[in-house]
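Visitor: Need a 3D model of the sequence below.
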Amino acid sequence: MNFNQAIEAIESAQQILLTTHVRPDGDAIGSMAALQRLIEQAAQKSGRPYRTQLLFLSRVPAHYRFLLAEEPWEVSNQIDPQPIAAADLNSFDLIIVVDTNAVRQLPGLSDYLINHSERVLAIDHHLATDGIGAIRLIDPHMAALGEIIFKLALAADWPLDETAATALFVALSTDTGWFRFENVSAQTYEIAGALVAAGAQPHLIFRKIFQQFPPARVKLLALTLQTLQMYCDDRLAVMHITREMLIQSGARRSHIENMVNEPQQIATVLVTVLLVEQDDNTTRVSFRSSGEVDVNKVARQFNGGGHASAAGATVNLPLDDARSRIINALTAVM
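Guide: Numbering: from 1, shown residues only. Presented below is the predicted three-dimensional model:
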């Protein structure tokens, strides 16, 4: 990656908007929060005027909000173009899109980004790309987007304080399953060590993210595990969540994050799938793989994508129909 063009674009801009994909995860939120802090610290050090603004296309999960220094702009669960239009995107010199380069993951915003690509910087580590942004930092070999942001900070000689280090540690740890996924490299551990040296405290971060859930989340997990069914000689585990289950448990959709990983504790399981019924009668599907099956290829059959070991898609079918299609697609490759 050549960071020079990205650094020049950031350091010459005075009004910067940062955004990411719908249903943001820890890597996206942590990277956005870290990048905002890094840009602000660098601007203050140089004495140049600046303004940064975070825009999320859906609500930030409660367990990640500790990373945000101020209330961001958020679009409601049902994407409404009015909050985006009201944001006056033309007032920004630069728009930075992180953790995605796929138009389908930027509802209500993708057309603007494509039509104004000269003011867009895309930073991503996924295989799928729709060519968003005239400037791009994309490396699918990085375990987490946080690794790219860390390298960008080093290349720009931006100061890394405890706040930015904490946000980047969240990015790395969540997208690597707390450093247990196969995408973790020696470089990932080196970066994690540098972040700890800069002030990140892993034990406190773990508690904030994984040990602060409300009872409703546990109730939803219990209901979800009751739907578990096994296929392909117990190598494929499939679960689902309906709207009724969300109502019954009192949980929010943001509480669903990481539930797809639960069946990976079963010794025989190679692939786990979680299907979630959406309000518009479509089905959101999350895939996880132990590494022997490339779930990105399966997700792409449904206009989704991601990584070989972790991917997602939205299927324009009701849950039961989507479940049958997904099971058939996976059975064919397992």
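
Visitor: domain assignment for this structure?
Guide: 4-209, 215-331 (automatic domain parsing).

Visitor: Quick one, grab the pLDDT at Val273.
Guide: Looking at Val273, its pLDDT reads 98.

Visitor: now Asn77
Guide: 46.

Visitor: now do Ala102
Guide: Ala102 is assigned 88 on the pLDDT scale.

Visitor: tell me the contacts of it?
Guide: By Cβ atoms under 8 Å, 6 or more residues apart in numbering, the contact list for Ala102 reads His21, His126, Ala128, Thr129, Asp130, Ile132, Gly305. For the C-beta atoms, the positions are set from N, CA and C on the backbone; glycine is no exception.

Visitor: go on, Ser46?
Guide: Contacts of Ser46 by Cβ under 8 Å, 6+ apart are Glu11.

Visitor: where along the stretch 151-300 of the chain do the helices fall?
Guide: 162-175, 186-197, 202-210, 215-225, 243-249, 295-300 (DSSP state H, counting those that start in this stretch).

Visitor: Pull out the buried positions in the second one.
Guide: Applying a neighbour-count criterion of 16 or more other Cβ atoms under 10 Å, one finds Thr188, Ile191, Ala192, Ala194, Leu195 buried in helix 186-197.

Visitor: Could you do the last one as well?
Guide: For helix 295-300, burial by neighbour count (16+ other Cβ under 10 Å) applies to Val295, Asn296, Val298, Ala299, Arg300.

Visitor: Put together TSV for the residues you listed, with pLDDT and distance to Asn101 on each row.
Guide: Putting the buried residues of helix 295-300 into TSV (pLDDT from 0 to 100; distance: Cβ to Cβ, whole Å) gives the following:
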residue	pLDDT	distance to Asn101
Val295	94	19
Asn296	92	14
Val298	96	20
Ala299	94	16
Arg300	93	14
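
Visitor: returning to that earlier point: okay if I get the helices of the stretch 151-300 of the chain as a markdown table plus distance to Thr314?
Guide: Formatted as a markdown table, the helices of the stretch 151-300 of the chain follow (distance: least, Cβ to Cβ, whole Å):
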| stretch | distance to Thr314 |
| --- | --- |
| helix 162-175 | 20 |
| helix 186-197 | 29 |
| helix 202-210 | 25 |
| helix 215-225 | 19 |
| helix 243-249 | 15 |
| helix 295-300 | 10 |
